[in-house]
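**Student:** Structure for this input, please:
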Amino acid sequence: MGLIQRVIKRYFGSYNRNQILFIIDAVLINASRILTTGIYISGYMVLLKAPDFLVGILNSSAAWATIASIFSFLVYERLQKRKKFLVILVSLSRLMVCSIIFLPLFIKNTTVLLAVASTMVITGNILWGFYSVGWMVWVMSVSPRASRNDFIYTRMLFLRIGIIGVMITMGFVLDHFKKSYTGFLIIFIVSLLLSVLDIIVFIKAEEPEKKVGKPTKFDIAVFWEPIRNSKFSKFLLFTFLYYITLTLSSSYSPLFQIKYLRLDYTFVSGVSVASYIFMLLSTRFWSKIERKKGIVFVMSITSFLIAVEFLIYGFLTADKYYLLFIAPIFSGVGNSGFNVCMMNYRYDIMPEENKTVYEGWFGAIYGLSTLLAPVIGGILMQRLPVIGNSLFTHGNFQFLYIISFTAASIVILLFFKGPWKFVNSVEANKTIVGER
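**Tutor:** This next block holds a predicted model:
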């Protein structure tokens, strides 16, 4: 008990009840969502004999479905209380995505099955995108600006521990049941149960009072405000270009590893777990570097480390599977700092008013990039040579990774060293006050 008490005091002693609940919420909902994305949704669709393009589209649908969030402010800015609405959204979203596992019990026609499953996944993810705007604004509002970064890093630390646990367990489950329907059935049911627990925790959180005026007509000036804000629009442009360069190949990663390299789920999930372990180990490191060097410095370094992972995948073949032991180092260490910085930076440069409009635009731009990316990636793969020699056994996939690395590197240079150079968020925030 002494050790547990010390851990609780160290990590939770300075946080209020709402912050602690949102840390628990992060662990549960991210563990739940990880089991219906990536190798799990891709593996299930491969089991249902879905075509490659559909697998790629659905694999990235959790990201591109956030396009719908651009209109979320029309609802959120008019709600005095948001909790009930958010609970309904997240409940419907998780129910739709998790329930696709039961469809083969009722639908025997493969074409109809794939159409219904795809519709449910996309609809569920659209609802999630709408939900995530209100949820994220609420999460970020529970901490004062001065202590926000520490809270976000702690939250990220514990949600990654949760993800590691479920990925290790479920990788063994899938291989134990020999990648059969039974294995996926267990995984999706566990995901649904975790969602239920998360909703219970979410309901216990206290919603701060929000003062809103009377409902007004659609205000086009408010809608376009994030675009007119030069600092935030630059951030949106970076978001679009950076994620489209990476996602055009990453959306096909689970397909490539499961279908073409024929890797076991235990091995593939083990690689992902290794990435999360490196995220875990470097979380506090980047927190310290950010305090010394600033958010922009950490973003520049970590964005390039993420890109290096794609360069490594460019030389990945069944005979060179050992490269998968190297890639997680760059992926984990890079994403550990980059994901937190992307969140902290955009909230630092947001004005205090109309946060849902700004968050909605971010979700929409991020979603648009990840929607276009698999389409562009699919077109490129049809035109890239397969080759088939020992170096490029699956050349079309491998060249796509190299293209991602090259394009992402150019984007990084433009925004961190070139003409569109970012400034530190504190300085940016001072400028924003004058612009508004």
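**Student:** So, low pLDDT: which residues of the stretch 1-150 of the chain?
**Tutor:** Applying pLDDT under 70 to the stretch 1-150 of the chain picks out residues 1-14, 77-80, 144-147.
**Student:** likewise the stretch 301-436 of the chain?
**Tutor:** 425-436.
**Student:** Can you show me the helices along it?
**Tutor:** With DSSP state H, counting those that start in this stretch, the ranges of helices along the stretch 301-436 of the chain come out as 327-349, 355-383, 395-416, 425-435.
**Student:** Of those helices, which is nearest Gly314?
**Tutor:** For Gly314, the closest of those is helix 395-416, at 3.9 Å, according to CB to CB. For every residue, glycine as well, the C-beta is placed using N, CA and C.
**Student:** In terms of secondary structure, what does that closest one contact?
**Tutor:** helix 230-250, helix 295-313, helix 355-383 (3 or more CB pairs under 8 Å, 6 or more residues apart in numbering; DSSP states H and E).
**Student:** could you give the angle of the second one to helix 327-349?
**Tutor:** Put plainly, it is helix 295-313. Counting by axes from the mean of the first three to the mean of the last three CA atoms, to 10 degrees, helix 295-313 lies at 150 degrees to helix 327-349.
**Student:** Run through the residues that contact Ser390.
**Tutor:** Ser390 makes contact with Thr317, Asp319, according to CB atoms under 8 Å, 6 or more residues apart in numbering.
**Student:** whoops, Gly337 was the one
**Tutor:** Ser282, Phe285, Trp286, Ile289, Glu290, Val298, Met299, Ile301, Thr302.
**Student:** same thing but 10 Å
**Tutor:** By CB atoms under 10 Å, 6 or more residues apart in numbering, Gly337 lies in contact with 153, 156, 279, 282-283, 285-287, 289-290, 295, 297-299, 301-303, 305-306.
**Student:** likewise Ala115?
**Tutor:** So Ala115 contacts Leu54, Ile107, Asn109 (CB under 10 Å, 6+ apart).
**Student:** Quick check: buried residues in the helix or strand encompassing it?
**Tutor:** Using DSSP states H and E, Ala115 falls within helix 110-141. Using 16 or more other CB atoms under 10 Å as the test for burial, helix 110-141 gives 113-114, 117-118, 120-140.
**Student:** does the residue nearest the centre of the chain count as helix, strand or coil?
**Tutor:** Centroid check for the chain by CA atoms, centre = their mean gives Ala63 as the closest residue, at 6.6 Å. Three-state call for Ala63 (DSSP: H, G, I helix; E, B strand; the rest coil): helix.
**Student:** From Gly162, how far out is it?
**Tutor:** Distance, Ala63 to Gly162, using CB to CB, to the nearest Å: 20 Å.
**Student:** Then Ser282?
**Tutor:** 17 Å.
**Student:** Now for Ile88: which residues touch it?
**Tutor:** Applying CB under 10 Å, 6+ apart, the residues near Ile88 are Leu127, Tyr131.
**Student:** tell me which of the contacts of Ala115 is nearest to Ile168?
**Tutor:** Nearest to Ile168 among the contacts of Ala115, with distances taken as CB to CB, is Leu54, at 28.4 Å.
**Student:** first to last residue in stretch 91-105, what's the distance?
**Tutor:** Criterion CA to CA, to the nearest Å; first-to-last residue distance in stretch 91-105 is 23 Å.
**Student:** what separates that stretch from the chain centre, distance-wise?
**Tutor:** Here stretch 91-105 is found 20 Å from its chain centre; the criterion is CA atoms, centre = their mean, to the nearest Å.
**Student:** how about that stretch: buried residues?
**Tutor:** Here stretch 91-105 shows Ser91, Ser93, Arg94, Met96, Val97, Cys98, Ile100, Ile101, Pro104 as buried, counting by 16+ other CB under 10 Å.
**Student:** next one: stretch 48-62
**Tutor:** Here stretch 48-62 shows 48, 50, 52-62 as buried, counting by 16+ other CB under 10 Å.
**Student:** and what of stretch 345-364?
**Tutor:** Taking 16+ other CB under 10 Å as the criterion, stretch 345-364 shows 345-351, 354-364 as buried.
**Student:** Could you pull up the contacting residues of the residue nearest to Ile29 when sequence neighbours are not counted?
**Tutor:** Spatial nearest neighbour of Ile29, excluding adjacent residues (CB to CB, 6 or more residues apart in numbering): Asp198 at 4.5 Å. Asp198 makes contacts with 24-33, 90-91, 94, as judged by CB under 10 Å, 6+ apart.
**Student:** Just send the residues you listed back as a markdown table, with secondary structure too.
**Tutor:** Listed next are the contacts of Asp198 as a markdown table, based on three-state DSSP:
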| residue | secondary structure |
| --- | --- |
| Ile24 | helix |
| Asp25 | helix |
| Ala26 | helix |
| Val27 | helix |
| Leu28 | helix |
| Ile29 | helix |
| Asn30 | helix |
| Ala31 | helix |
| Ser32 | helix |
| Arg33 | helix |
| Val90 | helix |
| Ser91 | helix |
| Arg94 | helix |
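**Student:** Looking at those, which is nearest Phe232?
**Tutor:** For these, the residue nearest Phe232 by CB to CB is Ala26; the value is 24.9 Å.
**Student:** Run a quick neighbour tally on the closest one.
**Tutor:** 23 (other CB atoms under 10 Å).
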